[in-house]
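1. Sharing a sequence plus its predicted fold:
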Amino acid sequence: MEPVISQPDVVSKKEKFAYSVGHVLNDLTSSMWFSYLLVFYHRIVNFTNASAGYLLLIGQVADALATTFVGFGSDRARKGLFGYGRRKTWHLFGVICILCSFPFCFNLCVGCEHND
(Lines give C-alpha, C1' and ligand atoms only; values in the text may rest on other atoms or scores of the structure.)
Protein backbone atom coordinates (compact mmCIF):
# COMPACT_ATOMS: atom_id res chain seq x y z
CA MET A 1 0.00 0.00 0.00
CA GLU A 2 1.47 3.33 -1.05
CA PRO A 3 1.36 6.30 1.30
CA VAL A 4 -1.12 8.99 0.37
CA ILE A 5 0.56 12.32 -0.23
CA SER A 6 -1.81 15.19 0.23
CA GLN A 7 -1.18 18.54 -1.32
CA PRO A 8 -1.51 21.57 0.92
CA ASP A 9 -4.62 23.64 0.46
CA VAL A 10 -3.85 26.82 -1.40
CA VAL A 11 -5.77 29.91 -0.35
CA SER A 12 -5.78 32.70 -2.90
CA LYS A 13 -5.03 36.29 -1.96
CA LYS A 14 -8.64 37.17 -2.71
CA GLU A 15 -9.85 34.55 -0.22
CA LYS A 16 -7.35 35.69 2.42
CA PHE A 17 -8.57 39.26 2.00
CA ALA A 18 -12.21 38.19 2.23
CA TYR A 19 -11.60 36.20 5.43
CA SER A 20 -9.62 39.03 7.04
CA VAL A 21 -12.24 41.65 6.20
CA GLY A 22 -14.99 39.38 7.48
CA HIS A 23 -13.26 38.98 10.82
CA VAL A 24 -12.88 42.75 11.29
CA LEU A 25 -16.59 43.11 12.10
CA ASN A 26 -16.29 40.39 14.74
CA ASP A 27 -13.25 42.06 16.30
CA LEU A 28 -14.82 45.53 16.31
CA THR A 29 -18.07 44.44 17.90
CA SER A 30 -16.46 42.20 20.51
CA SER A 31 -13.92 44.83 21.54
CA MET A 32 -16.70 47.39 21.98
CA TRP A 33 -18.87 44.87 23.81
CA PHE A 34 -16.22 43.76 26.30
CA SER A 35 -14.35 47.02 26.86
CA TYR A 36 -16.86 49.85 26.63
CA LEU A 37 -20.34 48.46 27.23
CA LEU A 38 -20.16 48.43 31.04
CA VAL A 39 -18.72 51.95 31.14
CA PHE A 40 -21.37 53.20 28.70
CA TYR A 41 -24.26 51.70 30.63
CA HIS A 42 -22.95 52.94 33.98
CA ARG A 43 -21.79 56.45 33.07
CA ILE A 44 -24.00 57.42 30.13
CA VAL A 45 -27.22 55.48 30.67
CA ASN A 46 -26.86 55.71 34.48
CA PHE A 47 -27.45 52.04 35.22
CA THR A 48 -26.11 50.70 38.49
CA ASN A 49 -22.98 48.58 38.26
CA ALA A 50 -25.04 45.47 39.02
CA SER A 51 -27.64 46.26 36.34
CA ALA A 52 -24.95 46.87 33.73
CA GLY A 53 -23.24 43.61 34.67
CA TYR A 54 -26.49 41.65 34.55
CA LEU A 55 -27.25 43.08 31.13
CA LEU A 56 -23.84 41.99 29.85
CA LEU A 57 -24.39 38.53 31.39
CA ILE A 58 -27.80 38.22 29.73
CA GLY A 59 -26.20 39.11 26.41
CA GLN A 60 -23.53 36.45 26.82
CA VAL A 61 -26.07 33.78 27.78
CA ALA A 62 -28.24 34.72 24.79
CA ASP A 63 -25.14 34.49 22.57
CA ALA A 64 -24.34 31.01 23.90
CA LEU A 65 -27.88 29.80 23.27
CA ALA A 66 -28.08 31.39 19.83
CA THR A 67 -24.73 29.91 18.81
CA THR A 68 -25.97 26.45 19.77
CA PHE A 69 -29.21 26.77 17.81
CA VAL A 70 -27.49 28.30 14.78
CA GLY A 71 -25.01 25.42 14.84
CA PHE A 72 -27.85 22.90 14.80
CA GLY A 73 -29.59 24.84 12.05
CA SER A 74 -26.52 25.11 9.85
CA ASP A 75 -25.77 21.40 10.33
CA ARG A 76 -29.26 20.49 9.17
CA ALA A 77 -29.41 22.94 6.25
CA ARG A 78 -29.30 21.15 2.93
CA LYS A 79 -28.29 24.10 0.78
CA GLY A 80 -27.79 27.82 1.01
CA LEU A 81 -29.59 30.68 -0.60
CA PHE A 82 -28.76 31.66 -4.17
CA GLY A 83 -25.92 29.12 -4.35
CA TYR A 84 -24.08 30.90 -1.54
CA GLY A 85 -23.44 27.79 0.56
CA ARG A 86 -25.33 26.49 3.55
CA ARG A 87 -23.01 27.77 6.28
CA LYS A 88 -22.17 30.98 4.49
CA THR A 89 -25.88 31.77 4.27
CA TRP A 90 -26.16 31.49 8.05
CA HIS A 91 -23.06 33.65 8.41
CA LEU A 92 -24.49 36.29 6.07
CA PHE A 93 -27.75 36.34 8.02
CA GLY A 94 -25.78 36.83 11.26
CA VAL A 95 -23.73 39.68 9.78
CA ILE A 96 -26.89 41.44 8.65
CA CYS A 97 -28.42 41.02 12.13
CA ILE A 98 -25.30 42.44 13.81
CA LEU A 99 -25.08 45.38 11.42
CA CYS A 100 -28.72 46.25 12.06
CA SER A 101 -28.82 45.75 15.83
CA PHE A 102 -25.38 46.51 17.27
CA PRO A 103 -25.49 50.32 16.90
CA PHE A 104 -28.59 50.37 19.11
CA CYS A 105 -26.56 48.94 22.01
CA PHE A 106 -24.74 52.26 22.28
CA ASN A 107 -27.63 54.69 21.86
CA LEU A 108 -29.95 56.12 24.42
CA CYS A 109 -33.57 55.06 24.29
CA VAL A 110 -35.18 56.57 21.21
CA GLY A 111 -38.49 58.17 22.12
CA CYS A 112 -38.02 57.95 25.90
CA GLU A 113 -39.11 60.93 27.99
CA HIS A 114 -35.89 61.28 29.96
CA ASN A 115 -33.47 61.76 27.03
CA ASP A 116 -31.58 65.02 27.18
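-> Nice, thanks for sending it over.
2. I'd like to know which elements the worst-scoring helix or strand of the chain on mean pLDDT is packed against.
-> Between all helices and strands in the chain, the lowest mean by mean pLDDT, DSSP states H and E belongs to helix 13-35, at a mean of 81. Using 3 or more Cβ pairs under 8 Å, 6 or more residues apart in numbering; DSSP states H and E as the contact criterion, the elements in contact with helix 13-35 are helix 86-101. Bear in mind the C-beta positions are built from the backbone N, C-alpha and C, glycine included.
3. Can you give the distance of the helix it packs on from its chain's centre?
-> How far helix 86-101 lies from its chain's middle: 8 Å, per Cα atoms, centre = their mean, to the nearest Å.
4. any residues touching it, and which ones?
-> 22, 25, 29, 70, 73-74, 77-81, 84 (Cβ atoms under 8 Å, 6 or more residues apart in numbering).
5. Which of those are buried, as a ChimeraX select command?
-> Selection of buried members from those for ChimeraX, criterion 16 or more other Cβ atoms under 10 Å:
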select :74,80
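6. Low-confidence bits of this protein, can you list those?
-> 1-2, 4, 7, 112-116 (pLDDT under 70).
7. quick check: longest helix of it.
-> helix 49-76 (DSSP state H).
8. Give me the angle between it and helix 86-101.
-> 150 degrees (axes from the mean of the first three to the mean of the last three Cα atoms, to 10 degrees).
9. Give me the helices and strands touching helix 49-76, please.
-> By 3+ Cβ pairs under 8 Å, 6+ apart, helix 49-76 packs against helix 37-39, helix 86-101.
10. Which elements pack onto the shortest one?
-> Based on contacts counted as 3+ Cβ pairs under 8 Å, 6+ apart, the elements that helix 37-39 packs against are helix 49-76.
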